[in-house]
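In: Predicted model and sequence follow; I will ask about them next.
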Amino acid sequence: MKLSLTISSPGSRFAPIVLQGDYLEMIREADRLGYKAVELHIRDPKTIDAAAMTHTLDELGMKVSTIGTGQAYVDDRIYFTSPDPEVSAAAVQRIKDHVRLATKLGAAVIIGTIKGPLPGNPDEDQQALAKAAKCLAECADFAAQHNVELTLEAINRYETNFLNTGAEAVEFLRGLDRPNVGLHLDTFHMNIEEVDLAQTIRDCRHYLFHIHLADSNRWPPGYGHLDFKSVLKALKDIQYGRYMAIESLPKPDPQEGARRGREHIQELLEDL
């Protein structure tokens, strides 16, 4: 199991991103804080100087685990389930742009809020589900051509009404039937939606591609009441060898949260 740290350009102080600022500077900061990988949250990948980023990563021996795409939904309001075909097409194109960047950085691409919400009535919900599946399938096929994996995130009911639990996301993935698309769990969302976090991980073991770590209060691990030892034990039991990214509020401050979150997880891993 490998640990990465979330980074984004400067944004909302309420965003669950640990380091916010210039990407290259924040990659260096993550390295100073003891991380060897980062998760980049990027609104528009066309604004990224991939060559300069690759140079910095290689210089530090750093990796990019994943690329977050939620800013496209939050800031640009583009998403798969939109009734406006131009909006859903823009969301698909944005993911393809992320895939192109991911190819250069050796990363997976997260499909989170950009999948969109459901309208809230049965007939329209079915149409929206079909549209989301069609959009994601197009993205998946494009990503497969570039040897990039996509991770479909289960997000709690207070942020979306579409795919809240691991089981719901797995059912959707089964219908999608794209081997390069897997499940993305997040311990903050799981604490709201799942009865047993460790058992959910075991139940979803054949689909799990990525996991976000945040405590019950969305602070870094170690600042709330979640039992991360049981979470990590479950991940070890299923022989999970992919990245775990700390995606949390930058509390009590970015550097202290990043440092203590890493130390807490590493201490628990050493005890397993």
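Out: Nice, thanks for sending it over.

In: Any regions of the protein where pLDDT drops low?
Out: Judged against pLDDT under 70, the low-scoring parts of the chain cover residues 12-13.

In: again, only this time at 90
Out: Counting by pLDDT under 90, the chain shows low-confidence ranges at 1, 10-15, 123.

In: Let me see the contact set for the residue nearest the centre of it.
Out: To find the centre residue of the chain, average its C-alpha atoms and take the closest one (C-alpha atoms, centre = their mean): that gives Ile110, at 4.8 Å. Listed by C-beta atoms under 8 Å, 6 or more residues apart in numbering, the contact set of Ile110 reads 66-70, 150-151, 153, 184, 210. In short, each C-beta sits where N, CA and C put it, glycine included.

In: So it: helix, strand or coil?
Out: Judged by DSSP: H, G, I helix; E, B strand; the rest coil, the three-state class of Ile110 is strand.

In: That one bridge partners, please.
Out: With beta bridges defined as DSSP bridges, Ile110 has these partners: Thr151.

In: Identify the residue spatially nearest to Lys115, adjacent ones excluded.
Out: Phe80 (5.0 Å; C-beta to C-beta, 6 or more residues apart in numbering).

In: Could you do Pro45 as well?
Out: Using C-beta to C-beta, 6+ apart and skipping residues adjacent in sequence, the residue nearest Pro45 is Leu101, 4.0 Å away.

In: what do you get for Thr81?
Out: Excluding its sequence neighbours, the residue lying closest to Thr81 (C-beta to C-beta, 6+ apart) is Gly116, at 3.4 Å.

In: In this structure Gln20 contacts Glu29, no?
Out: No - look at Gln20 against Glu29 with C-beta atoms under 8 Å: they stay out of range, at 10.4 Å.

In: Just list the residues touching Ser248, thanks.
Out: For Ser248, the residues meeting the contact criterion (C-beta under 8 Å, 6+ apart) are 6, 16, 18, 188, 213-215, 218-221, 257, 261.

In: Now go through the residues you listed and say which are in strands.
Out: Assignment to strands by DSSP state E places the following of these there: 6, 213.

In: which one in this structure is furthest away from the centre?
Out: Largest centre distance within the chain, by C-alpha atoms, centre = their mean: Asp123, 29.7 Å.

In: those strands in the stretch 51-200 of the chain, which residues are they?
Out: In the stretch 51-200 of the chain, strands defined by DSSP state E, counting those that start in this stretch lie at 63-68, 108-111, 150-153, 181-186, listed in chain order.

In: Nothing else from me, thank you.
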